[in-house]
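>>> Predicted model follows, preceded by the sequence.
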Amino acid sequence: MSILQHEIWPVLRPFVHIEIYGRDGGPQKPRWRIEVKRPQSGIVLRQLLGARMPCVACGVSISPVRERAGDWGALYFAPTCPLEVRFGCARGKAAREEYRAVKAEMGRLVPGEIQGSLL
């Protein structure tokens, strides 16, 4: 299941932004990642962090919105098992396709919505 079909997507979408991550790939081929702006509302934050979906690679139940270790308050989207649980899920075709689908969806702006950088 894609996050785009998940019931949490309408809640999550306004907080999602695409960020260029130049550390990997350098200036010729920078990576991008899907960040999640931390909501002001504790209710919404709990909703996002508590959401569960099947890993797009193996189907195990995961939390697609996670807190970034070492960077208090930073949230991100990941449609696969955490690296320390199952490294291969995050490196496969299903993960690439899900990231591309979310990135493409974020290119479709809703009037009044703020959007981060897109490649």
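Sure thing, it's come through.
>>> so residue 98 sits in a helix?
Yes. Assessed by DSSP: H, G, I helix; E, B strand; the rest coil, residue 98 belongs to a helix.
>>> What is the burial count for it?
23 (other Cβ atoms under 10 Å). For every residue, glycine as well, the C-beta is placed using N, CA and C.
>>> Show me the shaky parts of the chain.
For the chain, the stretches with pLDDT under 70 are 22-30, 108-119.
>>> mind running it again at 50?
Across the chain, residues meeting the criterion (pLDDT under 50) sit at 110-119.
>>> Can you show me the helices along it?
9-12, 42-50, 87-90, 93-106 (DSSP state H).
>>> How far does the second one sit from its chain's centre?
In this case it means helix 42-50. Put simply, helix 42-50 sits 15 Å off its chain's centre (Cα atoms, centre = their mean, to the nearest Å).
>>> So that it lines up with my notes, have the first residue be 25 from now on.
Let's use 25 as the start, then, which means that last one is helix 66-74.
>>> residues touching the residue nearest the centre of the chain, list them.
By Cα atoms, centre = their mean, the chain has its centre lying nearest to residue 101, at 2.1 Å. Shown in contact with residue 101 (Cβ atoms under 8 Å, 6 or more residues apart in numbering): 27, 36, 40, 58-60, 88-90, 126.
>>> which residues are in contact with stretch 103-110?
26-27, 77, 79-82, 84, 86, 88, 90, 113-114, 116, 118-119, 122-123, 126.
>>> Return the distance of it from the chain's centre.
On Cα atoms, centre = their mean, the centre of stretch 103-110 falls 13 Å from the chain's centre.
>>> tell me how far the ends of it are from each other?
12 Å (Cα to Cα, to the nearest Å).
>>> Just the buried residues of it, please?
Across stretch 103-110, burial judged by 16 or more other Cβ atoms under 10 Å covers 103-105, 110.
>>> out of the residues you listed, what pair is the most spread apart?
103 and 110 (12.6 Å; Cβ to Cβ).
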